[in-house]
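Student: Sequence plus predicted model, see below.
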Amino acid sequence: MLEKLFKLKQKGANVKTEIVAGVTTFMTMAYILAVNPSILGDAGMDTTAVLLATCLASFVGTAFMAIFANLPFALSAGMGLNAFMAYTVVIGFGYPWQIALLAVFIEGIIFIILSLTNVREAIFDAIPMQLKNAVSVGIGLFIAFIGLQNAGLSIDNGSTLVSMVSFTDNFTSSGISALLAILGTLLTAILYIKGVKGSILIGILATWIIGMLCQLIGIYVPDAALGYYSLYPTLSMTDFSALGKTFGQCFNVNFDGVSIFNFIVIIFSFLFVDLFDTLGTLIGVCTKSDMLDENGKLPEIKPALMADAIATSAGAVFGTSTTTTFVESSAGVAAGGKTGLTSMTTAILFLVSMFFAPIFTAIPSFATAPALIIVGFLMLTNIKELKLDDNSLTTAIPAYLCIIAMPLFYSIAEGISIGIISYVLINLICKKGKQISPIMYVLAVLFVLKYIFL
């Protein structure tokens, strides 16, 4: 049955590796089960309800990706999009969170229509291969940076934006966490170099276990005020009745005091970021894992984009912010995931996590950070595909700008935006406009308008 559904032999995959890859992807994404309720809770939403909604939306989207696209990609509530909803739309604009969820729901419906009309697929295919390789490299740097932050190694010191953490200050919390992340990174790297199967997953679990041992002997001391919690998982159950506090609330809205123009702007803000975050993730992970065909196209792109769209609307109904394809899927791909069995494994774990959420949310960020750092390196290796000679500067420079924009602006979408705008302008001014597809012109104009009006 698994062979018929996921075509394992055709894609050179096996059940054991696919399951390990799915678990690996889930482990690197599990932080969203703790982070998303925290962020949306600031918008006045019930945190337990958000947790359950996140699990359900992740299951629906990832299962759809597995069955219909047969790709090893997982979906969940997108980071950045949840912060935009909570801190800009709700807290900043003063709109009820129900209005924000309605905007997310409408965005998902628009995406479903765009997916049915091949618009998103056409955009994917129109992006030059040089930029696709750049997206892969940029995402590598981006997720490595996220890993360094999750590890507590890269911090904001107030003067230089980012710097390395002090290992002596608060050693029993931030200092030991950073050291454990370094240890986990070295362990994961060594296991990967030696060709150990499931090295990334082993690295996550080993780092977590070592952390628990450090807490046991008093080297690691939880400090809730600083965001460092006990590393021991609990066995308490989840209050499922809480889901009623958010389920279907996107349709229970009151537009009093809400500007229709601003509401439309909010919808298109979600639309732009979600579209290009998803495309960027698909481009980057597919390029790195050789899933694109000889023309740089992804054969299963339509069902993959449809999974993303359906999950977004479903997530809004359940009660969570925009659901999107996660860049952490690259961890599962790096662990050997090639088919939908990987994503189905992740989907099932999201569903199971509804029952044992306290266990999964106990996975500390410093334990998943090594996976992100090592996967960042693996995606960075795609830089060798970039042509950097004098004859390719009109594509090399936009690729470079795309790469550096992602980590420095903390956004996959911004990297793609800057890459496309610079690609069109540079090639047009340098009289190489013939190699630019009409869609690229349209995208460049839309991105410029986005910076002006959104």
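Tutor: Yep, that arrived.
Student: residue closest to the middle of the chain?
Tutor: residue 326 (2.9 Å; CA atoms, centre = their mean).
Student: Assess the claim that it and residue 77 are in contact.
Tutor: No. Counting by CB atoms under 8 Å, residue 326 sits too far from residue 77 to count as a contact (9.3 Å). (Glycine included, C-beta is placed from N, CA and C.)
Student: Common neighbours of those two, please.
Tutor: residue 32 (CB atoms under 8 Å, 6 or more residues apart in numbering).
Student: quick revisit: who are the contact partners of the residue nearest to the centre of the chain?
Tutor: Residue 326 neighbours (CB under 8 Å, 6+ apart): 25, 29, 32, 73-76, 78, 281.
Student: And for residue 12?
Tutor: residue 338.
Student: Assumed it was part of a helix.
Tutor: No. Counting by DSSP: H, G, I helix; E, B strand; the rest coil, residue 12 is located in no helix; its state is coil.
Student: Now, the contacts of residue 326 that are in helices?
Tutor: Using DSSP state H, 25, 29, 32, 281 are the members of those that sit in helices.
Student: Now do the contacts for the last one.
Tutor: Contacts of residue 281 were listed using CB under 8 Å, 6+ apart, and they are 73, 139, 324-327, 329, 412.
Student: got the buried residues for stretch 366-386?
Tutor: 366-376, 378-380, 382-383, 385-386 (16 or more other CB atoms under 10 Å).
Student: same question, stretch 230-249
Tutor: 231, 238, 242-243, 245-246, 249.
Student: got these as CSV, with secondary structure columns?
Tutor: CSV is the format used below for those (three-state DSSP):
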residue, secondary structure
231, coil
238, coil
242, helix
243, helix
245, helix
246, coil
249, helix
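Student: wait, which of the residues you listed is closest to residue 185?
Tutor: residue 231 (17.9 Å; CB to CB).
Student: In terms of secondary structure, what does the helix or strand encompassing residue 405 contact?
Tutor: Using DSSP states H and E, residue 405 falls within helix 393-408. Counting by 3 or more CB pairs under 8 Å, 6 or more residues apart in numbering; DSSP states H and E, the packing neighbours recorded for helix 393-408 are helix 129-150, helix 412-429.
Student: Provide the contact partners of that helix at residue level.
Tutor: Counting by CB under 8 Å, 6+ apart, residues outside helix 393-408 touching it are 128, 130-131, 133-135, 137-139, 141-142, 144-145, 280, 386-389, 411-412, 414-420, 422-423, 426-427, 430, 432.
Student: now swap in stretch 100-117 and tell me
Tutor: 43, 85, 89-90, 120-121, 246, 249-251, 253, 263, 266-267, 270-271, 274-275, 302, 305-306, 308-317, 319, 321-322.
Student: returning to what we had before: just give me the least confident of the buried residues of stretch 230-249.
Tutor: Lowest in pLDDT among the buried residues of stretch 230-249 is residue 238, which has 77.
Student: Not counting sequence-adjacent ones, nearest residue to that residue?
Tutor: residue 357 (5.1 Å; CB to CB, 6 or more residues apart in numbering).
Student: chain center to the helix holding residue 405: distance?
Tutor: 20 Å (CA atoms, centre = their mean, to the nearest Å).
Student: Mind listing what's buried along that helix?
Tutor: For helix 393-408, by 16+ other CB under 10 Å, it's 394-396, 398-403, 405-408.
Student: what's the farthest-apart pair in the residues you listed?
Tutor: 394 and 407 (23.7 Å).
Student: Strands of the chain, residue ranges please.
Tutor: 75-77, 154-155, 163-164, 323-325 (DSSP state E).
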